[in-house]
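Visitor: no sequence on this one, just coordinates:
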């Protein structure tokens, strides 16, 4: 087993992990942060997206051991206590989900986009989220929710 | 599986040289960890190079070129304005790989050492005249990128050899490069054909060129006849026709679900022509 010291959603954690254990499995099974989902397990679907040092990655393609000394953020860290993030509210408002498996990964990836680019075009949103697959919505409602949230966040600042 | 985190490439090389089982180096993991998770390759020794100092750095070389550390990710190249200004083709080729999430992890060196004939960044690196630094128990050496792949999934690197960085030559005056690939959609797919072109102009005339093709042979190809078609020309219609013909003639593709031999060969000519036009425009800008 490997000892891993890492920060998740601002909290320091010490973990003992198998060398083959993914960051996704460590988050879900050891820290009980089950927001990130395993879809494909091979980096194609984006359901397991988390931020590693501020950048979206597929946590199924990161070893837990690689998180040593790095900062991880998950969907659980997006809301401010009981208050949903504008992206989360807009996803509900626009019904931008059905089964919800892809939603945590899309929220994490979309938030990272809006932090870099507060005013993305529809094309930019679609390309940024190309690695987040959704079998339910046909994507249109997701894109509209992200653009609407971006607009609201721009007005608020 | 033993997970190693050496603090130098010499240590990484020594661990690999002493290993007796399946050994892999880990940078971004976008191939190695996919193979691990799919039970295709389960390393006995996995050597994570990311704790080596400077392994993600992109630095100007004394000769005016660039040194790109083996773990520098796609997004780190894509955010490097000075590098993009000089080698847009290399950066755009790496940027074509995978999604936003993959871009945070994928590397030039991983793309090269995975040995895929369809690797997007490899034709661009070969066209650029890039080299790699190889560290081995016998010492360090620098080899051309085109000398690394030897077949699908295979490289010329021996046990204990590890690539520490990619070197791009000085851009100089009047240079431009470009990379284009064909996929049946706009994003998130593997190249059916890839074409990298790098050239130097003096006025309207091309004085030097390198052309490389991906996904049309067991390894990425450096096409000498395509260079010959470009050099001395002003990229007029007859030069473009000769270039396309040279690219098509170099192709030795397979037919698979992504494309037939005939389709790949035709597209190789088309993409090489288009990439040459982009590179020529950039060189004149």
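Guide: It's in. Small disclaimer: the values here were computed from a predicted structure and weren't measured. Numbering: from 1, shown residues only, chains lettered A, B, ... in the order given.
Visitor: please count neighbours and contacts with C-alpha atoms only from this point.
Guide: Fine.
Visitor: which residues in chain A form strands?
Guide: In chain A, strands defined by DSSP state E lie at A:2-8, A:11-17, A:49-52, A:55-58, A:71-73, listed in chain order.
Visitor: so what strands line up beside the second one?
Guide: Counting by DSSP bridges, the strands paired with strand A:11-17 are strand A:2-8 (antiparallel).
Visitor: the strand it pairs with: which residues count as buried?
Guide: A:2, A:4-8 (16 or more other CA atoms under 10 Å in any protein chain shown).
Visitor: list the contacts of stretch B:126-145.
Guide: With CA atoms under 8 Å, 6 or more residues apart in numbering or on different chains as the test, stretch B:126-145 has contacts from B:9-10, B:13-14, B:17, B:87, B:90, B:112, B:122, B:125, B:146, B:160-169, B:177, B:196-198, B:209-212, B:222.
Visitor: which of those residues fall in strands?
Guide: B:162-168, B:177, B:196-198, B:209-212, B:222.
Visitor: so which pair among these is furthest apart in space?
Guide: The span of those, defined through CA to CA, is set by B:162 and B:209 at 29.3 Å.
Visitor: show me the domain layout of chain A.
Guide: A:2-77, A:86-156 (automatic domain parsing).
Visitor: pLDDT averaged over the longest one - what is it?
Guide: What domain A:2-77 shows for mean pLDDT is 98.
Visitor: state which helix of chain B is the longest.
Guide: helix B:261-284 (DSSP state H).
Visitor: tell me what that helix is packed against?
Guide: Judged by 3 or more CA pairs under 8 Å, 6 or more residues apart in numbering or on different chains; DSSP states H and E, the packing partners of helix B:261-284 are strand B:175-182, strand B:193-202, helix B:237-250.
Visitor: so what's the residue count around residue B:84?
Guide: Residues within reach of residue B:84, counting by other CA atoms under 10 Å in any protein chain shown, total 15.
Visitor: please apply the same query to residue A:84.
Guide: Residue A:84 has 12 neighbouring residues, counting by other CA under 10 Å.
Visitor: and residue B:131, how far is that from residue B:240?
Guide: Relative to residue B:240, residue B:131 is positioned 28 Å away (CA to CA, to the nearest Å).
Visitor: so which residues on chain A come close to chain B?
Guide: Within chain A, the positions adjacent to chain B are A:19-20, A:41-43, A:46, A:49, A:55-58, A:61-62, A:127-131 by CA under 8 Å from any CA of the partner chain.
Visitor: on the pLDDT front, check residue 116 for me.
Guide: Here I'm looking at chain A. 97.
Visitor: that was the other one, I meant chain B.
Guide: Residue B:116 carries a pLDDT score of 97 in this model.
Visitor: residue B:219 versus that one, what's the distance?
Guide: Residue B:116 is 7 Å from residue B:219, by CA to CA.
Visitor: contact partners for the residue in chain A that chain B sits nearest to?
Guide: Going by CA to the nearest CA, chain B is nearest to residue A:57 of chain A, at 4.2 Å. Applying CA under 8 Å, 6+ apart to residue A:57 gives the contacts A:49-51, B:100-102, B:104-105.
Visitor: ok, now with 6 Å
Guide: Residues in contact with residue A:57 (CA atoms under 6 Å, 6 or more residues apart in numbering or on different chains) are A:49-50, B:101.
Visitor: so can I have CSV of those showing distance to residue B:250 and neighbour count?
Guide: Shown next, in CSV, are these (distance: CA to CA, whole Å; neighbours: other CA atoms under 10 Å in any protein chain shown):
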residue, distance to residue B:250, neighbour count
A:49, 41, 34
A:50, 43, 30
B:101, 35, 29
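Visitor: good, we can wrap up now.
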